[in-house]
Every structure is written in structure tokens, then in C-alpha cells.
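> Sequence plus the predicted model coming up.
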Amino acid sequence: MYDVVTPGAGTRRYAKCIEVSKRVRWDIDRDLLRCRQFDFGRKFLPDGLSFAGRLPFLNADEKRLFSQVQGRTYANMFALVERFIGAKTAELGGAHSLGDQVAFEALVRLTDEELKHQELFRRLDAMMAAHMPAGYAFLPEANQVASSVLATSTWAVMALTCDIELFSQAHYRSSIEPDEALDPLWKDVFLFHWREESQHAILDELEWRREDARLDADERERGVDELIGLVAAIDGIVQMQATADAAYFAGSVGRELSDAEVRAIHSTTLAAYRWQYIASGALDERYGGILGSMITPAQGQRIHAALAPIVGETDA
């Protein structure tokens, strides 16, 4: 257990997260929304995430709608995963409650921020629903997904959580922030989200390593198996939502599409979602370094083999 009176390196990292959390803290209405609405004349997701450039038969207006449909799902996916992240963080914080009070506070703050993010993304969906064509449906049920994820080991949950927190940062820095064609409010949402998620990723790594240090070889092997299972489950969700979103988009463009065009829309949506929610995190250099420091080469090969079909389908 970390020393509360004379903080060690671990406690100092928790303390730094608290310091930054206080500095970047924001309110949904006062700081972010400020009575603004989305501009539906602008894109939401950048082409680097939506893969809209792979559909040359769509005109500019149709590509913009394509980005908005994916953007709506992007917001809903974050609300979905933050349900189990918040619940797990609350559990991990409890383990520190009678020990390292700095770590306890850091995780309580993280939990509070994840609850705020869930509220934000629920509100964004309602704002988009008021201006987008009827018929959109986000199919995964948050509590069912969270229950399934939380039924696995803490090691596997934290491996998945750290992946999500890191890819959310990578998406913002590499694709969302540089794209001047995006709706300004959309960009602000993910700027504010990124500011807090940057600290969450640090805490996730600390807690993941803390859990890893407790495990023996057999327990870690089971954790790797569960992580592979969680990736497969996420891919199932991605496939289901891609099918729904492709059909919704095809029915909303206002013109008849050929069978080949409908198939291309579906395959592109699926490739985009596999990139957004699986491949971009799995290929993140920082994530690879953290995971690689905990597992054996044989375990790494098993994870790579499980990911290979998914990652391969995201290539142009």
C-alpha cells in the first residue's frame, strides 16, 4: 500500500491527476454547450475516422450526412463504454478508501467525470435526434453490455478501458482537432472530453499495473483470454451497429442507391467502426507498450492473431 504521509512515485502520479482534474474541470452548460446547437451544414466526424473518402459515388452533402450518422453513433458509443468504466472505477476507488486517500480522491473524481460524460453524450444524442431524419437506432443496451464486461476479471476490464481512453485521445489529436471543416460545437465536445480523458488514461494505467502486480501466471493467462473475448464482443456490437447505421443512411439520402452502392456503404461503415473502436486502440504505440510489458510473447501472439482479421478489414 502506498504511504499516505510520504507519497511515493505512485501516489505522486495520482496527486498530479487530481491537480490537473481541478484545473481543467468544466460544466456541460456553462463551459461547453453555452446554449449552442450543432450546425448540420458541417461534418461531425472527420474523413480519417468516417472513411467517407472511400465512397466516391456520394456527393458532398451525402458525405456530410454520412459523417453525422457516424458521429451520432460515436457519441452513443462513448456513453455506452463509460457506463462500465464509471462502475469499475467506483469499485477500484473503494479498494483505496481506507488506504491511500490521494488515490481514492483521484478515482472518485474520475468516476464523477465519467458520469458527467455519460450525461453529456445522452444530451448530444437528443440534440442530434431533433434535426436528423427519423429512424436512427442505437442498438446496444448500456447496462447489459456493462454487466457482461464487468463479469470478467479486473485485469481484462482495465486492459479494455485503457485501450478506450487512449484511442479517444488519439482520435482527437490526429483527426478531430486538425479538421477545420467540422462543426465547431462538435470539436469543442471532444476537446473538453480529451482534457479530462487525458488524466483518466494515466489512472487506468496505474490501476491496471496495480492489478497486474497481484496476479500469478495462470490468472494473467485467464485475463488475456478474457481480453480476447471482450474484443470479440466489441466487434459483435460494431457489426450490429454498422448494419443498422448503413441501412439508416441509405434510407435517408433521398435517392435510390444501387445494390453495389448499398454494399459499399455497409462495408465502409463496418471498416470505419472497426478502426474507430478496435484497431486504432490496439495499434496505439503507448497501449502496445503497456500491454507488452505485462504479457509473454506467446500471449502477445494470441492477441495479435485475434485482432488480425479485424485490423486487416480496416485497410483501404
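Thanks, I have the structure now.

> gap between residue 54 and residue 255?
In this structure, residue 54 and residue 255 are separated by 19 Å, where distance is defined by CB to CB, to the nearest Å. C-beta here means a position set from N, CA and C on the backbone, and glycine is covered the same way.

> same question, residue 75
Noted for residue 75: a distance of 27 Å to residue 255, by CB to CB.

> These two: which has the busier surroundings?
residue 75 (24 against 8; other CB atoms under 10 Å).

> Hmm, the more buried one is touching residue 123, no?
No - the pair residue 75 and residue 123 fails to qualify as a contact (CB atoms under 8 Å) at a distance of 9.4 Å.

> Do you have the helices of the chain handy? List them.
9-24, 47-50, 60-96, 101-129, 142-150, 154-171, 184-212, 217-250, 259-274, 280-282, 285-292, 297-312 (DSSP state H).

> tell me what the shortest one is packed against?
Contact partners of helix 280-282 among helices and strands, from 3 or more CB pairs under 8 Å, 6 or more residues apart in numbering; DSSP states H and E: helix 154-171.

> how much does the helix it packs on deviate in direction from helix 184-212?
Using axes from the mean of the first three to the mean of the last three CA atoms, to 10 degrees, the inter-axis angle of helix 154-171 relative to helix 184-212 is 150 degrees.

> Touching, residue 188 and residue 31? I think so.
No - when contacts are counted by CB under 8 Å, residue 188 is not listed as touching residue 31 (9.2 Å).

> which residue packs closest to residue 136, ignoring adjacent ones?
The spatially closest residue to residue 136, leaving aside those adjacent along the chain, is residue 248, at 5.3 Å (CB to CB, 6 or more residues apart in numbering).

> Next up, the contacts around the one you found.
Counting by CB atoms under 8 Å, 6 or more residues apart in numbering, residue 248 touches 69, 133, 135, 136, 137.

> surely residue 257 meets residue 266?
No - because the distance of 10.9 Å does not satisfy CB under 8 Å, residue 257 is recorded as not touching residue 266.

> quick check, nearest of the contacts of residue 248 to residue 284?
Distance to residue 284, by CB to CB, is smallest for residue 69 among those, at 25.4 Å.

> Retrieve the pLDDT associated with the spatially closest residue to that closest one that is not a sequence neighbour.
If the residues on either side of it in the chain are set aside, residue 69 comes closest to residue 249, at 4.9 Å by CB to CB, 6+ apart. As summarised for this prediction, residue 249 has a pLDDT of 98.

> Go ahead and confirm residue 249 touches residue 68.
No - contact criterion CB under 8 Å: residue 249 and residue 68 do not qualify, at 9.3 Å.

> Determine how far stretch 169-181 lies from the middle of the whole chain.
14 Å (CA atoms, centre = their mean, to the nearest Å).

> Now do the buried residues in that stretch.
Using 16 or more other CB atoms under 10 Å as the test for burial, stretch 169-181 gives 169, 170, 171, 172, 175, 176, 179.

> Kindly indicate which of the residues you listed lies nearest residue 297.
Proximity of the buried residues of stretch 169-181 to residue 297, judged by CB to CB, is greatest for residue 170, which lies at 25.2 Å.

> what residues are up against the closest one?
When contacts are counted by CB under 8 Å, 6+ apart, residue 170 touches 280, 281, 284.

> separation between it and residue 93?
Between residue 170 and residue 93 the distance, using CB to CB, works out to 26 Å.

> Repeat that for residue 210.
Following CB to CB, the distance that separates residue 210 from residue 93 is 12 Å.

> Run through the stretch 51-200 of the chain and note the low-pLDDT ranges.
Within the stretch 51-200 of the chain, not a single segment meets pLDDT under 70.

> returning to that earlier point: and which of the contacts of residue 170 is nearest residue 89?
Nearest to residue 89 among the contacts of residue 170, counting by CB to CB, is residue 281 at 18.2 Å.

> give me every residue that touches the closest one.
The neighbours of residue 281, taking CB under 8 Å, 6+ apart as the test, are 163, 164, 166, 167, 170, 287.

> now swap in residue 276 and tell me
Neighbouring residues of residue 276 by CB under 8 Å, 6+ apart: 49, 74, 77, 167, 171.

> does residue 125 really touch residue 78, like I thought?
No - using CB under 8 Å, residue 125 is not in contact with residue 78, being 10.6 Å away.

> higher neighbour count, the two?
Here residue 125 and residue 78 are compared on neighbour count by other CB under 10 Å; more neighbours surround residue 78, at 24 against 18.

> so who does that one touch?
Counting by CB under 8 Å, 6+ apart, residue 78 has contacts 117, 121, 168, 193.

> what's the answer for residue 96, then?
The contact partners of residue 96, taken as CB under 8 Å, 6+ apart, are 103, 104, 107.

> burial of the first one, as a residue count?
This points to residue 103. Number of residues near residue 103 (other CB under 10 Å) recorded here: 29.
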